[in-house]
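Colleague: return a 3D structure for these sequence lines:
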Amino acid sequence: MIVPDLRGHGRSTNPLGAFTHRQAAADVSALLERLGITRFKAIGISSGGMTLLHMATREPSQIEAMVLVGAAHHFPSRRAGSRGPRPSTAPGPET
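Modeller: This next block holds a predicted model:
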């Protein structure tokens with residue numbers, strides 16, 4: 001099991017003082033590449049879930065399975081790397 005700290009979280013530093021989930025996804029991808037891991041299963045909570053969503057849109061073949069807890073359910077329509085159209089409204093309760 002690998003449990004990475006994201007930039008500026010846990011014991012990790014953040015020399016630039018900025019944080020984006022896109023950069024966190026790049027960081028985790030670089031870590032996995034360095035470790036020789038080409039395919040994985042993951043659980044992401046909050047920022048970890050957002051990071052996994054970014055990873056899934058960049059390299060979907062790497063992720064065998066993922067569980068997201070407390071991550072956003074949509075991205076802006078002009079998000080780089082998104083696939084297909086975004087629904088205009090979130091699903092709501094049936095009336």
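Colleague: can you list contacts of the longest helix seen in the chain?
Modeller: Ranked by number of residues, the top helix in the chain under DSSP state H is helix 21-34. Helix 21-34 has contacts (CB atoms under 8 Å, 6 or more residues apart in numbering) with 2, 4, 6-7, 38, 40, 47, 50-55, 58-59, 62. For the C-beta atoms, the positions are set from N, CA and C on the backbone; glycine is no exception.
Colleague: which of the residues in it are buried?
Modeller: H21, R22, Q23, A24, A25, D27, V28, S29, L32 (16 or more other CB atoms under 10 Å).
Colleague: ok, stretch 52-67 next?
Modeller: Using 16+ other CB under 10 Å as the test for burial, stretch 52-67 gives L52, L53, H54, M55, A56, T57, Q62, M66.
Colleague: likewise for stretch 14-22?
Modeller: Buried-residue list, stretch 14-22, by 16+ other CB under 10 Å: H21, R22.
Colleague: hang on, the earlier thing: for the longest helix of the chain, C-alpha coordinates in PDB please.
Modeller: Output in PDB follows, covering the C-alpha atoms of helix 21-34 (Å, rounded to 0.1, in the frame of the first residue of the first chain):
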ATOM      1  CA  HIS A  21      -5.400  19.100  -8.100                       C
ATOM      2  CA  ARG A  22      -4.000  19.000 -11.600                       C
ATOM      3  CA  GLN A  23      -0.500  19.400 -10.200                       C
ATOM      4  CA  ALA A  24      -1.200  16.800  -7.500                       C
ATOM      5  CA  ALA A  25      -2.200  14.300 -10.200                       C
ATOM      6  CA  ALA A  26       1.000  15.000 -12.000                       C
ATOM      7  CA  ASP A  27       3.000  14.500  -8.800                       C
ATOM      8  CA  VAL A  28       1.300  11.200  -8.000                       C
ATOM      9  CA  SER A  29       1.700  10.000 -11.600                       C
ATOM     10  CA  ALA A  30       5.400  10.800 -11.400                       C
ATOM     11  CA  LEU A  31       5.700   8.900  -8.100                       C
ATOM     12  CA  LEU A  32       3.900   5.800  -9.600                       C
ATOM     13  CA  GLU A  33       6.100   5.900 -12.600                       C
ATOM     14  CA  ARG A  34       9.200   6.100 -10.500                       C
END
